[in-house]
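Chemist: coordinates for the following, if possible.
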Amino acid sequence: MKTVFKALAAASLLAAGAAQAQWGGASLVEIGEARLTAMAPTMQVAGTVVSRSDAFLSAEVEGRLIRVADVGSRVEEGDVVAVIEDVGLRLRAQELAAEVARARARLNFLEADLSRFERLAETNLAAVSQIEQTRSERDVAASDLAVVSSRLSQAEDQLQRTSIRAPFPGVIAERVAQAGERVASGTRVVRMVNPDRLEVVARAPLNYYRYVRPGDELALVAGLDDSLSAEVRTLVSVGDESRHVFEIRLDLENVFLPVGQTVRVTIPTADVREVLAVPRDALVLRGDGIAVFVVDAENKAQRIRVTTGIGEGEWIEVRGPIQPGDKVVTRGNERLRPGQDVSVGNS
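Modeler: Have a look, this model is predicted:
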């Protein structure tokens, strides 16, 4: 809506200026100011929005899938996204629990027997060899208990892994396996993506690596006209024989873009330097070249020939007989004549 009002205002201003010029009066214009500013030449490179948390979740035990979360489901960290049949593992855990109980009972019996023999030995009623044999059997029983306890822990761990849980909050983006299918350890089941933790990955020619640094704010354009900025998180300065490029990763905070969105990233291609710049709307393009109209102290428009250089946003470098602080016409300049009186209106 703001753009429509601006366009209507500019059209009204042009009409008023044309009418005034026709009758010899002062032409109504809007002005800006030439200023010194720091700029660098830039280029745009293609980038892609990706999630920093994007993973395929795989089965860690063998079995038949009995439940898989639907595509598009929103899950939190730790939520179950798929379940593998666990009957065999539960039965194995019960069997090992019984073996642990039996091993512990034998160990307790041998420890009590050893204590009794040691008391009898104090009164010479038990042989030393009998004590040593009982002690040896006690140590073997302790080892057996440790072994079956470890096996039980392994079975319980595998039992827990029959539930595949989300390692981070996100959305189920893809179901690779379906309920009813039998999967082996390592088989991909679902793909999870966190759409709230985004970054842009872009690649630029290695020649410009030294002009981009972590922490720099770079301009992005997403879609047709969605302009925003993002901070460079890291650079990966590794090219190869076929692609002489480096990788730029930019953090996207509080920005809602779909994963996979293509963006254009503006990067500097030389060091920053101080230039004299004017608003782009101040440029008048005619057959004899590029010019700007400067309003002098007597409110007359003087046409100044200029050449342009680098640009940044709404500002562009100009070179010519123009000074910082000069008032340049930004609206109503299309129909101006050199030396014509002007009346400055509000934007």
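
Chemist: tell me the domain ranges of the protein?
Modeler: Split into domains by automatic domain parsing, the chain comes to 2-39+273-344, 42-53+194-268, 86-161.

Chemist: minimum distance to residue 167: which of the ones you listed has it?
Modeler: Closest of the domains of the chain to residue 167 is domain 42-53+194-268, at 8.1 Å (criterion: C-beta to C-beta). From N, CA and C alone the C-beta is placed, and that goes for glycine too.

Chemist: chain center to the closest one, what's the gap?
Modeler: With C-alpha atoms, centre = their mean, to the nearest Å as the basis, domain 42-53+194-268 stands 9 Å off its chain's centre.

Chemist: if you average pLDDT over each of the domains of the chain, which is lowest?
Modeler: If you rank the domains of the chain by mean pLDDT, domain 2-39+273-344 sits at the bottom with a mean of 82.

Chemist: just list what the helix or strand harbouring residue 108 packs against, helices and strands only.
Modeler: Here residue 108 sits within helix 87-121, counting by DSSP states H and E. On a contact count with 3 or more C-beta pairs under 8 Å, 6 or more residues apart in numbering; DSSP states H and E, helix 87-121 meets helix 128-160.

Chemist: elements contacting the helix it packs on?
Modeler: By 3+ C-beta pairs under 8 Å, 6+ apart, helix 128-160 packs against helix 87-121.

Chemist: mind checking the domains of the chain for the one nearest to residue 184?
Modeler: Ranking the domains of the chain by proximity to residue 184 (C-beta to C-beta) places domain 86-161 first, at 13.0 Å.

Chemist: end to end, how far does the closest one reach?
Modeler: 9 Å (C-alpha to C-alpha, to the nearest Å).

Chemist: the domains of the chain: which one's closest to residue 71?
Modeler: Of all these, domain 42-53+194-268 sits nearest to residue 71, with 13.5 Å by C-beta to C-beta.

Chemist: surely residue 172 is within a strand?
Modeler: Yes - under DSSP: H, G, I helix; E, B strand; the rest coil, residue 172 sits within a strand.

Chemist: quick one: it from residue 180, how far?
Modeler: Applying C-beta to C-beta, to the nearest Å, the value for residue 172 to residue 180 is 18 Å.

Chemist: of the two, which one has the most company?
Modeler: More crowded of residue 172 and residue 180, by other C-beta atoms under 10 Å: residue 172, with 21 against 10.

Chemist: quick one: contacts for that one?
Modeler: Residue 172 is in contact with 69-73, 75, 81, 190-192, counting by C-beta atoms under 8 Å, 6 or more residues apart in numbering.

Chemist: filter these to the buried ones?
Modeler: 69, 73, 75, 81, 190-192 (16 or more other C-beta atoms under 10 Å).

Chemist: how far does the helix holding residue 108 sit from its chain's centre?
Modeler: Mean-position distance between helix 87-121 and its chain equals 55 Å (C-alpha atoms, centre = their mean).

Chemist: burial measure for the closest residue in space to residue 151 that isn't next to it in sequence, as a count.
Modeler: The shortest distance from residue 151 to any residue other than its chain neighbours is 5.2 Å, reached at residue 96 (C-beta to C-beta, 6 or more residues apart in numbering). Residues contacting residue 96 under the criterion other C-beta under 10 Å number 19.
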